[in-house]
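A.B. asks: got a structure for you, letters missing:
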């Protein structure tokens, strides 16, 4: 999938992030510290 | 346990000439070379191969991480009588040496001292060249392990960003054993011992001048280079023909010659799994390496128990299903309990078993009856992002009973389940799922349980072949409820992947919203996706 940029089932084009800096940015989005609003117990 | 060996075992396979001399050996039958230090553990493939052959009566030497600038290491045991074995180590050497963003890794859990100073890039190729440099016209070189296995047909190599040829066309080797390969290793050795034909052994690849009659002809390497859809076709055949019962042989043309892949070797039966587990592993780093320091991996594997092999979860970013197979091979409860009892004989065992598990901990002890009879289905997965096949009767009963017996072993204070748990299987097992999770919460985790939703965006989960987020929400409610009932304050931690194919910044923002608003936590870790061979 990464190489072909195609969904192997449908053969439709899919977005694949290949830029290293932008990959790190994707990671930074989810690990960014922020105030927790609400949630379950754990 | 073999009466020849002390209990617990203390004798390593030779890695020095002095050890060969002490055993009265003038020559080894087989010499195995690995990208890891020699760690004598049932979790280390090269050690398993060595012990299997030893049990057959062969003389086996192991050389871990040989130096590359002379024959001092590769030649220190002489030339083997039957074959050389080469493995890149427990992890593909490129994965081991570089991060997902291609930065060099400074640490290595399989190198003594922990610094990544002893494993070359593309270790399989380098070690084959090393042997050929110092041993002309030598006995066959057999490559195996995850690096060779997953690179056995045309494959995408992330580190050079191109399709590479099947590894046998780059490595100066004669035979490739793929998958777990226990049966193939025995049969290849016996064939070489007889001086007979080894090309019919299941579970191997080799190069031939002609395609093999009756085998499926894959798109050629040149066709894959010219057309990405042909590469997808190749991968689909490769993926589908990976089951010992249903798979056909494959051939691929590369520059006028052919890679021949025989159908996979048979899986081990339960008694055979037990027999391999009972081989006399010392569970230590060989003292030859120990002068440079400890290997970090032993902290987790020394007192861990592998309850089964295989995984039918088929997460698309993971190569375990391709390498180990998609059918679960389970060890008996007696064998697992015996291993726990063996731990209590070690002076450094503190009563803590680090893990009782496998690729997915809660696939122990049950399988699809149809799959066991006819092999994996061609175009139907056991589980995908939206459904669990009705033929797969998830049943945690045997896992519950096995874990109870392990924690009842005298001298065992705690037996952790640290391997991944598929939470969707817990909620799918109406009869025993609740009790299984209750037992985990009460006895087999400490403070936190790791689960692997990986993402929440439906289109990304679909491409990953992971279950939807509602399954996670349902599981979390159950987990929280059980912790309340048990009076425990234990948490869930989550494996998450960034930059998987299909994933955009927007999807990551939605994942962040989900974790903070619905899971009530800030993820501390996420993994940038690495496209490894075989995925």
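C.D. replies: Okay, I see it. Source: prediction; values computed, not measured. Numbering: from 1, shown residues only, chains lettered A, B, ... in the order given.
A.B. asks: Let me know whether stretch B:520-535 sits next to chain A.
C.D. replies: Yes. Stretch B:520-535 reaches chain A (C-beta under 8 Å from any C-beta of the partner chain) through B:520-529, B:531. For the C-beta atoms, the positions are set from N, CA and C on the backbone; glycine is no exception.
A.B. asks: from chain B, which residue is nearest to chain A?
C.D. replies: residue B:520 (1.7 Å; C-beta to the nearest C-beta).
A.B. asks: State the pLDDT value of that residue.
C.D. replies: Residue B:520 carries a pLDDT score of 86 in this model.
A.B. asks: what's it sitting at in phi/psi?
C.D. replies: phi 70, psi 40 (degrees, to the nearest 10).
A.B. asks: Cross the residues of stretch B:520-535 next to chain A against strands and list the overlap.
C.D. replies: If you go by DSSP state E, those have B:527-528 in strands.
A.B. asks: Just put the residues of stretch B:520-535 next to chain A in JSON lines and tack on neighbour count and distance to residue B:396.
C.D. replies: Formatted as JSON lines, those follow (neighbours: other C-beta atoms under 10 Å in any protein chain shown; distance: C-beta to C-beta, whole Å):
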{"residue": "B:520", "neighbour count": "15", "distance to residue B:396": "27"}
{"residue": "B:521", "neighbour count": "16", "distance to residue B:396": "26"}
{"residue": "B:522", "neighbour count": "15", "distance to residue B:396": "31"}
{"residue": "B:523", "neighbour count": "18", "distance to residue B:396": "28"}
{"residue": "B:524", "neighbour count": "9", "distance to residue B:396": "30"}
{"residue": "B:525", "neighbour count": "11", "distance to residue B:396": "28"}
{"residue": "B:526", "neighbour count": "24", "distance to residue B:396": "29"}
{"residue": "B:527", "neighbour count": "16", "distance to residue B:396": "28"}
{"residue": "B:528", "neighbour count": "17", "distance to residue B:396": "33"}
{"residue": "B:529", "neighbour count": "25", "distance to residue B:396": "30"}
{"residue": "B:531", "neighbour count": "18", "distance to residue B:396": "33"}
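A.B. asks: what does the stretch 151-300 of chain B put close to chain A?
C.D. replies: Counting by C-beta under 8 Å from any C-beta, the stretch 151-300 of chain B sits next to chain A at B:156, B:158, B:163, B:228-229, B:231-232, B:235-236.
A.B. asks: which among those residues end up buried?
C.D. replies: B:156, B:158, B:163, B:228, B:231-232, B:235 (16 or more other C-beta atoms under 10 Å in any protein chain shown).
A.B. asks: Would you mind putting those into CSV with pLDDT, secondary structure and distance to residue B:375 alongside?
C.D. replies: Putting these into CSV (pLDDT from 0 to 100; DSSP: H, G, I helix; E, B strand; the rest coil; distance: C-beta to C-beta, whole Å) gives the following:
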residue, pLDDT, secondary structure, distance to residue B:375
B:156, 97, strand, 27
B:158, 96, coil, 31
B:163, 97, strand, 29
B:228, 96, helix, 29
B:231, 97, helix, 25
B:232, 96, helix, 22
B:235, 95, helix, 19
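A.B. asks: Mind picking the two most distant members of these?
C.D. replies: B:158 and B:232 (16.9 Å; C-beta to C-beta).
A.B. asks: Before I go, just wanted to say thanks for your time.
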